[in-house]
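Asks: dropping the sequence and predicted coords here.
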Amino acid sequence: MVVAPDLLEGGDGTGPGAPHRRQLHALLAMGHTQIERFFPGITREMVSGGARLGRGDEVRFYVDGVLKAPVADARMLGATRPFVETHVRRRVTALDNVRLEPATGKGLLLRGGRVVGARLAAAGAPRAGDAEASGKGDEYDVRADLVVDAMGRSSRLGNWLAAEGWGQAPVDRMRVDLGYATARFARGSELPDTVIAHSTPGPASDYQPAVCEPGALAAVEGDAWSVVLAGYAGHRPGRDRAEFLARMRRCVAPLREIADRCEMIGAVEPFHFRESRRRRFTDLTKFPGGLVVVGDAMATVNPVYGQGLTLAALQASSLHVHLRSGASPHDPARDYFRRAAVVVDAAWQLSTTADLAQPHVTGPYPRGYRFLRWAGDHITTASVRDARVNQTYMDVVHMRRHPKALTGPRVLARTARVLWRG
């Protein structure tokens, strides 16, 4: 059973539960791999429905306006999040043992040290006649062998567990004060070989930090370009169409060309992301069985790096491996949380190390930050010039490899040679 308040028949999944759904989202290479593994052939279905699959030179990354060295196996899907969700939902609901439940979670049912179900509030008309449910009015109880918290950043799980005498997971926070905004443009014959283009400032000086105004565009379904622009603190983009176009014209050539040649469709939609957040469930000495946490309910990192969808897919893969190992869903899922923590910590390290380069981000600083920052800045510079360095760099960005791959001796040695040659 999949429970969500915006699953009523005819809904498009863009309800108030996820106000950022209409922003440009990235499905990184590892996330794309995981979704195709879960649902074979789904990429072909999405491309048939209008999505664009970019490969090789069609996926372009820029640093300080300079196109990075090519990566032969670059691969990214150009599609909006509602489009991807619709196709995933269609595959999920086609499974015989899955049903959608338009409801909101109100609490957990606990017994004997484990979660045995959840209390729900109906999103539509009150239910009746379901043998699995009991309750009065619009609230009812549903029994389950395993409850998965996928309630996102606003998850109330900690409060529910505390009310039952369980501890809450420690939370790491990093305030980044990011603003970003997305607009759609009619897509014609311009940039025919470009599916994804992303631009970001390069390493900032300790004395003169760069004004960070990254931007990205993707060819998406419906013959449209989806363009996102971002900025920190006082440089956050707003709703003004003229200012959005002006910012595009300050960016790299692909975004400038879209601003000059394409018609904007609809309004500019801004969103404010205040802080990255990570809940450390592995630190808890006691946790009830029958319960796991995935997605933004576990960790949410700066969305400018596009890790969110891929991180959720990797957590789902971790849960798949955990359950296939023979673990009982009734027992505390410690092995799952340890597996999920590996990918969460990798995403956290990559994003927060980069965020700490912003002058308004004041910590907390991880152990070894100065070295990580020094290495990251030099590797970024080398990745613009050298395809092999960029291959490792992009493997980390796309979550195919752990960030520690960037500080391995071979990468550091090649980086030094590239920079020495000038």
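Replies: Alright, I've got the coordinates.

Asks: list the single closest residue to Arg256 in space, sequence neighbours excluded.
Replies: Excluding its sequence neighbours, the residue lying closest to Arg256 (Cβ to Cβ, 6 or more residues apart in numbering) is Arg249, at 5.2 Å. C-beta coordinates here come from the backbone N, C-alpha and C atoms, glycine included.

Asks: wait, isn't Ala327 in contact with Ala333?
Replies: Yes. In this structure, Ala327 is within contact of Ala333 by Cβ atoms under 8 Å, at 7.0 Å.

Asks: the residue nearest to Arg256 and Glu213: what is the separation?
Replies: 12 Å (Cβ to Cβ, to the nearest Å).

Asks: ok, these two, which is more surrounded?
Replies: Ranked by neighbour count (other Cβ atoms under 10 Å), Arg249 and Glu213 place Glu213 first, with 18 against 13.

Asks: dump the residue contacts of the more buried one.
Replies: Counting by Cβ atoms under 8 Å, 6 or more residues apart in numbering, Glu213 makes contact with 201, 229-231, 235, 247, 250-251.

Asks: please identify the buried residues of the helix or strand where Asp260 lies?
Replies: Assigned by DSSP states H and E, Asp260 belongs to helix 253-261. By neighbour count with 16 or more other Cβ atoms under 10 Å, helix 253-261 contains the buried residues 254-255, 257-259.

Asks: which helices and strands does the helix or strand just after that helix pack with?
Replies: For helix 253-261, the following helix or strand on the C-terminal side (DSSP H and E) is strand 264-279. Helices and strands touching strand 264-279, by 3 or more Cβ pairs under 8 Å, 6 or more residues apart in numbering; DSSP states H and E, are strand 171-186, helix 241-249, strand 299-300, helix 334-355.

Asks: can you give the strand pairings for the shortest one, parallel or anti for each?
Replies: Right, the one you point to is strand 299-300. Each strand paired with strand 299-300, and its direction, by DSSP bridges: strand 264-279 (antiparallel).

Asks: just the angle for the strand it pairs with relative to helix 334-355, thanks.
Replies: Orientation check (axes from the mean of the first three to the mean of the last three Cα atoms, to 10 degrees): strand 264-279 against helix 334-355 gives 120 degrees.

Asks: check which helices and strands the very next helix or strand once past strand 264-279 sits against.
Replies: Scanning forward in sequence from strand 264-279 by DSSP H and E, the next helix or strand is strand 291-293. Under the contact definition 3+ Cβ pairs under 8 Å, 6+ apart, strand 291-293 sits against strand 147-149, helix 334-355.

Asks: got TSV for these, with distance to Leu178 too?
Replies: Listed next are the helices and strands packed on strand 291-293 as TSV, based on distance: least, Cβ to Cβ, whole Å:
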stretch	distance to Leu178
strand 147-149	25
helix 334-355	9
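
Asks: residue ranges of the helices in the stretch 51-200 of the chain, please?
Replies: Secondary structure of the stretch 51-200 of the chain (DSSP state H, counting those that start in this stretch): helices at 81-93, 157-163.

Asks: closest to Met264 out of the ones you listed?
Replies: helix 81-93 (19.1 Å; Cβ to Cβ).

Asks: can you pull out the strands in the stretch 101-250 of the chain?
Replies: For the stretch 101-250 of the chain, strands defined by DSSP state E, counting those that start in this stretch occupy the ranges 114-122, 133-134, 139-143, 147-149, 171-186, 196-200, 215-220, 224-232.

Asks: where among the ones you listed is the average confidence lowest?
Replies: With a mean of 48, strand 133-134 has the lowest mean pLDDT of the strands of the stretch 101-250 of the chain.

Asks: got a pLDDT number for the most centrally placed residue in the chain?
Replies: With distances taken as Cα atoms, centre = their mean, Gly308 lies nearest the centre of the chain, 0.9 Å away. In this prediction, Gly308 carries a pLDDT score of 90.

Asks: any idea how many residues pack against Thr282?
Replies: 15.

Asks: cool, and the one 10 residues further on?
Replies: For Val292, the count of nearby residues is 26 (other Cβ under 10 Å).

Asks: still on that earlier bit, got the CA positions of the helix holding Asp260 in CSV?
Replies: Only the C-alpha atoms of helix 253-261 are listed here, as CSV (Å, rounded to 0.1, in the frame of the first residue of the first chain):
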residue,chain,number,x,y,z
ALA,A,253,26.0,30.2,-24.3
PRO,A,254,23.2,27.6,-24.2
LEU,A,255,21.2,29.5,-21.6
ARG,A,256,21.8,32.8,-23.4
GLU,A,257,20.6,31.3,-26.7
ILE,A,258,17.4,30.1,-25.1
ALA,A,259,16.8,33.5,-23.5
ASP,A,260,17.2,35.2,-26.9
ARG,A,261,15.4,32.7,-29.2
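
Asks: contacts only, for the nearest residue to Arg280 once chain neighbours are set aside.
Replies: Spatial nearest neighbour of Arg280, chain neighbours left out: Pro170 (4.8 Å); criterion: Cβ to Cβ, 6+ apart. By Cβ under 8 Å, 6+ apart, the contact list for Pro170 reads 279-280, 283.

Asks: on that earlier part again, out of the buried residues of helix 253-261, who's nearest Ala163?
Replies: Of the buried residues of helix 253-261, the one sitting nearest to Ala163 (Cβ to Cβ) turns out to be Leu255, at 48.7 Å.

Asks: distance check, the residue nearest to the closest one when sequence neighbours are not counted against Arg114.
Replies: In space, and not counting its chain neighbours, Leu255 is closest to Met248: 4.7 Å by Cβ to Cβ, 6+ apart. According to Cβ to Cβ, Met248 stands 53 Å off from Arg114.

Asks: these two: who's more crowded?
Replies: A count of neighbours by other Cβ under 10 Å puts Met248 above the other of Met248 and Arg114, at 23 against 20.

Asks: how far does whichever strand or helix holds Arg370 sit from its chain's centre?
Replies: Using DSSP H and E, Arg370 maps to helix 369-385. Relative to the chain's own centre, helix 369-385 is displaced by 23 Å; criterion: Cα atoms, centre = their mean, to the nearest Å.

Asks: name the residues of that helix that are buried.
Replies: Buried-residue list, helix 369-385, by 16+ other Cβ under 10 Å: 372-373, 375-385.

Asks: now swap in stretch 39-57 and tell me
Replies: Quick answer for stretch 39-57 (16+ other Cβ under 10 Å): 39, 42-43, 46, 50-54.

Asks: closest one to Tyr180 among the helices and strands packed on strand 291-293?
Replies: The nearest among these, by Cβ to Cβ, is helix 334-355 at 13.9 Å.
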